[in-house]
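Chemist: sequence unavailable; structure follows:
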């Protein structure tokens, strides 16, 4: 009798544990995170570290990262985030501007005097300008993240602006960059990141404009050996959650997701350090790295002013007002 009683107690205890475990599992919220970044990059390190931060703060969250465009290119995945089919994503400002067109103004060529000014603007002034527009488009912004400066990998040497005239060059699918290369007289071909290398291999393009760390990390100089470091654009991306998903989260879960913003400065330092490291390794490998200065560098800037004016006019609506607010933010950060 005693033995049977003990068995019943043990069975009941096991059943309770199983029920409790099942309840805990049911309460856990899995969130898929899409990114174009490879895992072995500063963005991959940033994502893995922030996932640990968030899940430690709120164990009910289970964030599953999908690196290297596993769920599609960043333009496609961001649209899926808007619809709530993917929970969250990290992407360039280029991709963000396809959802919030005014965001393209932040990618205008030679907009910022230097990285310090860009950091100040994004840390202190961008959210009030754009957060309502982001939410109205179906996105909640967790953080602004460093993507880095643009550069060009090309099959031919480039140094001054006249050299790019007529060159078939991949440009990001953003009007700010497309208009700039149009003003330079280049034959711009808008391509997503997953189509860059195939385009280069097939001769669809002979040069690629992209972020320095991403382009060098995937080995573009092996196909287009000439590297031009002219810092035309400084791309700041976003980490976003679908507003449809966000509205269903608890306050504790929302607060934990806010920790994504805690490592932004670490990422900035990592991206900028990696830019110089990879440029150094590229030069060591024998690929020409050109850094124009003086009149050579200045030759790239007049087209930027013309392109920015066209961009504001093309976006229309209240773009002129937003552009004025960005200029005020820059002045405050001088």
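Modeler: Everything's here; your move. All values reported here derive from a predicted model rather than from experimental measurement. Numbers count the residues shown, from 1 in each chain.
Chemist: make it CA atoms for all contacts and neighbour counts henceforth
Modeler: OK.
Chemist: which other helices and strands contact the lengthiest strand in the chain?
Modeler: Using DSSP state E to define each element, the chain has its longest strand at strand 139-154. Strand 139-154 makes packing contacts with helix 126-136, strand 207-211, helix 212-217, strand 226-228, strand 234-242, helix 243-246, helix 264-284 when contacts are defined by 3 or more Cα pairs under 8 Å, 6 or more residues apart in numbering; DSSP states H and E.
Chemist: beyond the longest one, next helix or strand please.
Modeler: Following helix 264-284 in sequence order, the next helix or strand is strand 289-290 (DSSP states H and E).
Chemist: so where do the helices sit in the stretch 51-200 of the chain?
Modeler: For the stretch 51-200 of the chain, applying DSSP state H, counting those that start in this stretch gives helices covering 74-83, 93-99, 115-124, 126-136, 175-184, 196-202.
Chemist: of all the ones you listed, which one comes closest to residue 297?
Modeler: Nearest to residue 297 among those is helix 175-184; the distance by Cα to Cα comes to 13.5 Å.
Chemist: could you list every helix and strand in contact with the closest one?
Modeler: Helix 175-184 packs on strand 187-190, helix 302-315, going by 3+ Cα pairs under 8 Å, 6+ apart.
Chemist: okay, buried residues for stretch 307-326 please.
Modeler: For stretch 307-326, the neighbour count (16 or more other Cα atoms under 10 Å) marks 307, 308, 310, 311, 312, 319, 320, 322, 323, 326 as buried.
Chemist: contact partners of it?
Modeler: Residues outside stretch 307-326 that contact it (Cα atoms under 8 Å, 6 or more residues apart in numbering) are 101-102, 105-106, 108-109, 126, 129, 175-176, 179-180, 183.
Chemist: what's the answer for stretch 190-201, then?
Modeler: Outside stretch 190-201, the residues that reach it (Cα under 8 Å, 6+ apart) are 36, 69, 73, 75, 170-174, 178, 205-208, 220, 223-224.
Chemist: from the residues you listed, keep the buried residues only.
Modeler: Buried subset of the contacts of stretch 190-201 (neighbour count, 16+ other Cα under 10 Å): 36, 69, 73, 75, 170-174, 178, 205-208, 220, 224.
Chemist: most widely separated two among those residues?
Modeler: Between all members of the buried ones among the contacts of stretch 190-201, the farthest pair (by Cα to Cα) comes out as 75 and 224, at 24.9 Å.
Chemist: show the pLDDT at residue 20.
Modeler: Looking at residue 20, its pLDDT reads 41.
Chemist: check the one 3 residues further on too.
Modeler: As summarised for this prediction, residue 23 has a pLDDT of 39.
Chemist: which strand residues bridge residue 149?
Modeler: On the basis of DSSP bridges, residue 149 is bridged to residue 234.
Chemist: was I right to think it contacts residue 232?
Modeler: Yes - between residue 149 and residue 232 a contact is recorded at 7.3 Å, counting by Cα atoms under 8 Å.
Chemist: what count of nearby residues applies to residue 56?
Modeler: Number of residues near residue 56 (other Cα atoms under 10 Å) recorded here: 12.
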